[in-house]
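Peer 1: Sharing a sequence plus its predicted fold:
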Amino acid sequence: MSRFDRLSSQLQAALAERRLLKVIAGLTNFDASSVQRISRAAGLGGADLIDVACDPELVRLAAAESGLPICVSAVDPELFPAAVAAGAALVEIGNYDAFYPLGRIFDAPEVLAITRRTRELLPDVVLSVTVPHVLPLDQQEQLAIDLIQAGADIIQTEGGTSAKPLSAGSLGLIEKAAPTLAASHAISSALRAADLANPVLCASGLSAVTAPMAIASGAAGVGVGSAVNRLQDELAMLAVVRGLRESLPRMVAVAP
């Protein structure tokens with residue numbers, strides 16, 4: 001049985017139809033009230049998955065408030081088993097945006113080591129791994145292939161923190177998303193060339209304007225964090241999630 005078979009049928013369908021919407025509460029967000037608001041908005045807004053910090057209590061809270069499958073994010077593999085025992089459906093290594101301002105950089109050997117240890121601890125759980133955007137695109141492509149060979153099931157991109165948008169409005173949103181869109185296209189193309197069918201999630205710096213571009217670039221879904229979790233008003237969060245949901249087409253041809 002594939003590890004993907006352990007996911008809910010709804011989550012499997014969202015990946016297969018390339019329309020998955022993941023709302024990211026934040027790897028370092030341990031504020032229960034914040035996670036509660038984000039989870040409610042994600043559930044009511046039509047998201048498929050919510051990604052929370054790797055804490056068993058947050059897993060239970062997010063599941064109860066959203067009614068959605070839960071992904072937990074961390075960079076310490078030893079934290080994952082307790083969160084899975086609390087009900088997390090899948091685990092995510094990264095993303096690393098919270099660490100870059102601190103000068104903490106994750107290189108390819110470290111990400112591979114974390115991946116291998118996570119797979120040792122959790123042989124049957126779906127594992128998503130973020131490829132650091134600080135690597136050149138050709139190295140991101142190779143790392144993605146190496147990660148799958150090391151046991152990753154899903155590859156996630158990032159890049160919002162490196163973008164320097166100069167324009168206002170839609171053009172600025174496209175500029176903001178450019179690094180993660182480029183990574184999504186490069187990695188998904190490299191995986192196809194290597195005859196690997198693992199899905200790619202495009203995350204970091206996305207909006208309702210750029211989410212469809214992520215799917216067109218080859219991604220099976222999108223992960224959106226700051227567009228939702230930076231808001232304080234729950235109705236505003238709900239509106240953003242619904243806008244993202246409506247922006248994602250049911251099926252889009254993969255870019256060549």
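Peer 2: Received the coordinates, thanks.

Peer 1: where does the stretch 51-200 of the chain have low pLDDT?
Peer 2: Low-confidence segments of the stretch 51-200 of the chain (pLDDT under 70): 160.

Peer 1: Strands of that one, start to end?
Peer 2: Per DSSP state E, counting those that start in this stretch, the stretch 51-200 of the chain carries strands over the ranges 70-74, 90-93, 126-130, 154-156, 200-203.

Peer 1: Spatially nearest residue to residue 164 (excluding sequence neighbours)?
Peer 2: Distance criterion Cβ to Cβ, 6 or more residues apart in numbering; nearest residue to residue 164, sequence neighbours excluded, is residue 175 at 7.6 Å. (Glycine included, C-beta is placed from N, CA and C.)

Peer 1: Format the strands of the stretch 51-200 of the chain as TSV; extra columns: distance to residue 188 and mean neighbour count.
Peer 2: Formatted as TSV, the strands of the stretch 51-200 of the chain follow (distance: least, Cβ to Cβ, whole Å; neighbours: other Cβ atoms under 10 Å):
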stretch	distance to residue 188	mean neighbour count
strand 70-74	20	26
strand 90-93	18	26
strand 126-130	14	25
strand 154-156	8	28
strand 200-203	5	29
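
Peer 1: Any chance of the ones you listed in JSON lines with distance to residue 57 as columns?
Peer 2: Below are the strands of the stretch 51-200 of the chain laid out as JSON lines (distance: least, Cβ to Cβ, whole Å):
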{"stretch": "strand 70-74", "distance to residue 57": "11"}
{"stretch": "strand 90-93", "distance to residue 57": "16"}
{"stretch": "strand 126-130", "distance to residue 57": "22"}
{"stretch": "strand 154-156", "distance to residue 57": "24"}
{"stretch": "strand 200-203", "distance to residue 57": "24"}
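
Peer 1: so which of these comes closest to residue 17?
Peer 2: Ranking the strands of the stretch 51-200 of the chain by proximity to residue 17 (Cβ to Cβ) places strand 200-203 first, at 13.9 Å.

Peer 1: rewinding a little: so which of the strands of the stretch 51-200 of the chain gets nearest residue 211?
Peer 2: strand 200-203 (8.2 Å).
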